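J.: My questions concern the predicted model and sequence given below.
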Amino acid sequence: MVSVGRHVRGALARAVVPAALMLLAACGPESLDEDYLGESGLGLAGGPTSTAFRAALAKRWAPIHYQDVDVTGSHSLSGKSDYITRVDFDGDWSGTNNWDNAGSRALTAHAYHSLVETSSHWYLVYTFFHPRDWADNIFDTEHENDAEGVMLIVERNGTEYGALIGAVTVAHKDFFSFVPDGSPIGSGVESVDGKLSSLSFEGVLHPITAQEAKGHGLKAWPAYDIVGDGVKYFPSLSTAEEPSSATDSDVRYKLVDIYGSEGLWPRRSLTTLFASEGTFKGDTGGGCGSVAGQCTSNSANAPWGWDDQNDGSILRGELATDPAKLAAYYFSPSSRFSTTYTFNPFKGIGDPNQP
């Protein structure tokens, strides 16, 4: 297990860690064979209808996120095209100018989080957005907007924050499942694809996720990893930073409640942002496709539009909107998962707008 500290950047004071740990963290975590993740010492009060409750739970389990970066080619914007950010990074809620504006706006790091609850589990989805899904050769396809993510399964085991027992990630048109060492669940109808590793940050263990450069498929680390240039992001409830370079290893991303005033769910019917249910509006302007052989329109999805191309009875969007159904299909024993929701705003169960 490796502990991560922070360095000093501008006015932000960050804890100093021994040089040996800093070097180790820069190379990637080692010795991460932990038992499945359990309770932290932080306080959690209220219930899922409370924005404060959701923020605390989201921060507790938010991934440490490794983003591979490619700086080659004009569409990479010297690496910026692989930086995570918020959908309205350019100050508006239009989906058809994000490709164009990516090079001229600050891409401060954000990730959207949602919570769904049953009597047995919490399901946390984290969505990472990029303005461009890009390429640097004529055999690939590009498109405006890109959103992929991870659904974490947290078992309500009587401890304050529960225990993280599994994850399902989104990589293009496929889902991949992972479990930490010691997890009480295993392969169901779908086979488990690998191990969910963890890293200590601010005194507690967090799962590690990683995204490819260019197309931004997402898996648990090290199924994907940084290859050469890359950025390491760490979660925050208040701070959103833009990487200082394509190799910045200590960047804070700010968590944004997907149900809240800055979130995507209240804007699901906004025609400037969405072309159809769960699909972002994107066009072929701004040079998209001028390097790759093709640029496609309306090719990125919000969580309620994510879909695996061959996972049987699991329908489009259910990773976010019906995660208990998906968990009981992907993992065993299925009887471990209650499928009756006590909080699920995607289905109109519970009001997410309480303080």
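T.: Thanks, I have the structure now.
J.: which one's the longest strand in this structure?
T.: strand 141-155 (DSSP state E).
J.: Tell me which helix or strand comes right after the lowest-mean-pLDDT helix or strand in the chain, heading toward the C-terminus.
T.: Every helix and strand of the chain was ranked by mean pLDDT, DSSP states H and E. The lowest is helix 19-27, at a mean of 38. Where DSSP states H and E defines the elements, the next helix or strand beyond helix 19-27 is helix 51-61.
J.: quick one: terminal-to-terminal distance for stretch 66-85?
T.: 14 Å (CA to CA, to the nearest Å).
J.: Show me which residues of that stretch are buried.
T.: 66-71, 73, 75-77, 79-85 (16 or more other CB atoms under 10 Å). All C-beta spots, glycine's among them, are computed from the backbone N, C-alpha and C.
J.: got it, and stretch 149-165?
T.: Quick answer for stretch 149-165 (16+ other CB under 10 Å): 149, 150, 151, 152, 153, 154, 155, 161, 162, 163, 164, 165.
J.: partners of the residue nearest to residue 195 when sequence neighbours are not counted in the sheet?
T.: Leaving out its chain neighbours, the residue that sits closest to residue 195 by CB to CB, 6 or more residues apart in numbering is residue 178, at 6.3 Å. Under DSSP bridges, the beta-bridge partners of residue 178 are residue 167, residue 194.
J.: swap in residue 150?
T.: residue 126, residue 169.
J.: does it really touch residue 171, like I thought?
T.: No - if you go by CB atoms under 8 Å, residue 150 and residue 171 don't touch, sitting 10.1 Å apart.
J.: Touching both of the two, which residues are there?
T.: residue 218 (CB atoms under 8 Å, 6 or more residues apart in numbering).
J.: Could you list the low-confidence segments of this structure?
T.: Judged by pLDDT under 70, the chain has its weakly predicted residues at 1-43.
J.: one more time with 90
T.: 1-46, 136-140, 289-293, 353-355 (pLDDT under 90).
J.: how near is residue 95 to residue 162?
T.: Applying CB to CB, to the nearest Å, the value for residue 95 to residue 162 is 35 Å.
J.: Identify the residues contacting residue 332.
T.: Residue 332 neighbours (CB under 8 Å, 6+ apart): 185, 186, 187, 188.
J.: Most neighbours among those, please name it.
T.: residue 185 (22 neighbours; other CB atoms under 10 Å).
J.: The closest residue to that residue other than its chain neighbours bridge partners, please.
T.: With CB to CB, 6+ apart as the criterion, residue 185 has its nearest non-adjacent residue at 4.2 Å, and that residue is residue 331. Taking DSSP bridges as the rule, residue 331 bridges to residue 187.
J.: from here on, count from 36
T.: Okay, residue one is now 36; in that scheme the one you just asked about reads as residue 366.
J.: Residue 366 and residue 190 touch, don't they?
T.: No - using CB under 8 Å, residue 366 and residue 190 do not qualify as a contacting pair, with a distance of 11.2 Å.
J.: State the distance from the residue nearest to residue 273 when sequence neighbours are not counted to residue 297.
T.: Computed as CB to CB, 6+ apart, the closest residue to residue 273 that is not its neighbour in sequence is residue 289, at 6.7 Å. Distance, residue 289 to residue 297, using CB to CB: 10 Å.
J.: ok, now residue 218?
T.: 33 Å.
J.: With residue 149 instead?
T.: 13 Å.
J.: When the two are compared, which one has more neighbours?
T.: residue 149 (28 against 15).
J.: That one pairs with what?
T.: Bridge pairing for residue 149 - DSSP bridges - gives residue 160.
J.: Going along the chain, name the helices of this structure.
T.: Listed in chain order, the helices of the chain (DSSP state H) span 54-62, 86-96, 133-136, 353-356, 358-365.
J.: May I see the ones you listed organised as a markdown table, with mean neighbour count added?
T.: Formatted as a markdown table, these follow (neighbours: other CB atoms under 10 Å):
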| stretch | mean neighbour count |
| --- | --- |
| helix 54-62 | 13 |
| helix 86-96 | 20 |
| helix 133-136 | 22 |
| helix 353-356 | 24 |
| helix 358-365 | 23 |
